[in-house]
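**Student:** Okay, here's the prediction I keep looking at, along with the sequence it came from:
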Amino acid sequence: GEDVEQSLFLSVREGDSSVINCTYTDSSSTYLYWYKQEPGAGLQLLTYIFSNMDMKQDQRLTVLLNKKDKHLSLRIADTQTGDSAIYFCAESKGANNLFFGTGTRLTVIP
Amino acid sequence: DAMVIQNPRYQVTQFGKPVTLSCSQTLNHNVMYWYQQKSSQAPKLLFHYYDKDFNNEADTPDNFQSRRPNTSFCFLDIRSPGLGDAAMYLCATSHEQGHDHFGPGTRLLVL
């Protein structure tokens, strides 16, 4: 079955880079996603990567995928206070089923 | 802007009193989902509609049901809410096997 794990908390200083890590167990995952959830709000899709890629960059966001180790990371460059939120890693096999990690609460210290 | 709308944003109900949460979308996506997210936990898929086909997750309690009268609307019915059903309920949509677009959620409080 699917199991997606993340560390629960991360604190960084404003302007530093943040790296949020995720491990998953299902090697047949097709897509891997990062979602952001601000307090009391729904989930916002930040970025995603197809399983045959190992890196994707989108402005301040860099996603790295190590398929052999089943490890996914999200790097946020120049972290801002507005980046404070919970970040969820999720994986799917493209069949209308998203499996979420436990979420990492990112706190940005001014 | 095309979007996923959930009403109400906050819902208070009494223990055992049926409650309905609603979701609408202007994206014309054929797949609609309902997720339950309890405090400090990951969202958990309850069920989804692929067009008119209803797909229930194996561990979704019988207390939870859903209706999709047309492409744009999907409802979550909780027949007899218990205290353990207090959570954020998230609606999402996708086109075929595309990426999920989430609504803002409805926070349900059971008294």
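**Tutor:** Everything's here; your move.

**Student:** Every contact and neighbour count from this point should use C-alpha atoms.
**Tutor:** Fine.

**Student:** What is the least confident helix or strand in chain A?
**Tutor:** When each helix and strand of chain A is scored by mean pLDDT, DSSP states H and E, strand A:99-100 comes last, with a mean of 89.

**Student:** Report all helices and strands that it contacts.
**Tutor:** Secondary-structure packing of strand A:99-100 (3 or more CA pairs under 8 Å, 6 or more residues apart in numbering or on different chains; DSSP states H and E): strand A:85-92.

**Student:** what is the mean pLDDT for the strand it packs on?
**Tutor:** Averaged across strand A:85-92, pLDDT comes to 93.

**Student:** Quick one: distance of that strand to the chain centre.
**Tutor:** Strand A:85-92 sits 5 Å away from the centroid of its parent chain (CA atoms, centre = their mean, to the nearest Å).

**Student:** And that strand, what does it pack against?
**Tutor:** Strand A:85-92 sits against strand A:4-6, strand A:18-24, strand A:31-37, strand A:99-100, strand A:104-109, with contacts defined as 3+ CA pairs under 8 Å, 6+ apart.

**Student:** Secondary structure class of the residue nearest the centre of chain B, three-state.
**Tutor:** Residue closest to the mean C-alpha point of chain B, counted by CA atoms, centre = their mean, is B:Trp34 at 3.2 Å. Recorded secondary structure, B:Trp34: strand (DSSP: H, G, I helix; E, B strand; the rest coil).

**Student:** Same question for B:Gly84.
**Tutor:** Applying three-state DSSP: B:Gly84 is helix.

**Student:** From what I see, A:Ser29 and A:Ser51 are in contact.
**Tutor:** Yes: A:Ser29 is within contact range of A:Ser51, at 6.8 Å (criterion: CA atoms under 8 Å).

**Student:** neighbours around the residue of chain B found nearest chain A, how many?
**Tutor:** As assessed by CA to the nearest CA, chain A sits closest to B:Pro104 within chain B, at 4.0 Å. Residues lying near B:Pro104 (other CA atoms under 10 Å in any protein chain shown) number 23.

**Student:** Correct me if wrong, but it is in a strand.
**Tutor:** No: assigned with three-state DSSP, B:Pro104 falls outside any strand and is coil.

**Student:** Could you tell me how far the residue nearest to the centre of chain B is located from A:Ile86?
**Tutor:** According to CA to CA, to the nearest Å, B:Trp34 and A:Ile86 sit 20 Å apart.
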